[in-house]
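[1] The sequence isn't on hand, but the structure is:
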């Protein structure tokens, strides 16, 4: 799983703009942009690859959170800096996916 963020407010605060999840074989399970509620002031395109046209008609955060929860149910999640990505994704979610990261396996605490 990987998430891309864009800048809002003064550009320092971040919100989710894209989430991608692949399985252990590299097949894409989910790859979607997210339409922020807030006005984006920095797309960070050079890092995120996100452009204004990508999020214009994208699903909202609650819609994407449901998609992610559906994909992650019953799976072990592997990624880099998952604690950052999961803060965005699992807010207001009742499930607690098991995660494996560079620091070892851990269960997400909310």
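    Now that the structure is in, tell me what you want to look at. Since this is a predicted model, take the numbers as computed values, not measurements. Numbering: from 1, shown residues only.
[2] going forward, measure contacts between C-alpha atoms and count neighbours the same way
    Will do.
[3] Output the contacting helices and strands for the top helix by length along the chain.
    Longest helix in the chain by number of residues (criterion: DSSP state H): helix 61-72. The elements that helix 61-72 packs onto, with contact taken as 3 or more C-alpha pairs under 8 Å, 6 or more residues apart in numbering; DSSP states H and E, are strand 28-33.
[4] Could you list the paired strands of the next helix or strand after the strand it packs on along with their orientation?
    As assigned by DSSP states H and E, the chain's next helix or strand after strand 28-33 is strand 40-42. Sheet partners assigned to strand 40-42 using DSSP bridges are listed as strand 2-8 (antiparallel).
[5] what comes into contact with the helix or strand following the strand it pairs with?
    For strand 2-8, the following helix or strand on the C-terminal side (DSSP H and E) is strand 13-22. Here strand 13-22 makes contact (C-alpha atoms under 8 Å, 6 or more residues apart in numbering) with 1-8, 28-36, 50, 55, 61, 88.
[6] residue ranges with poor pLDDT in the protein?
    Filtered on pLDDT under 70, the chain yields the residue ranges 86-110.
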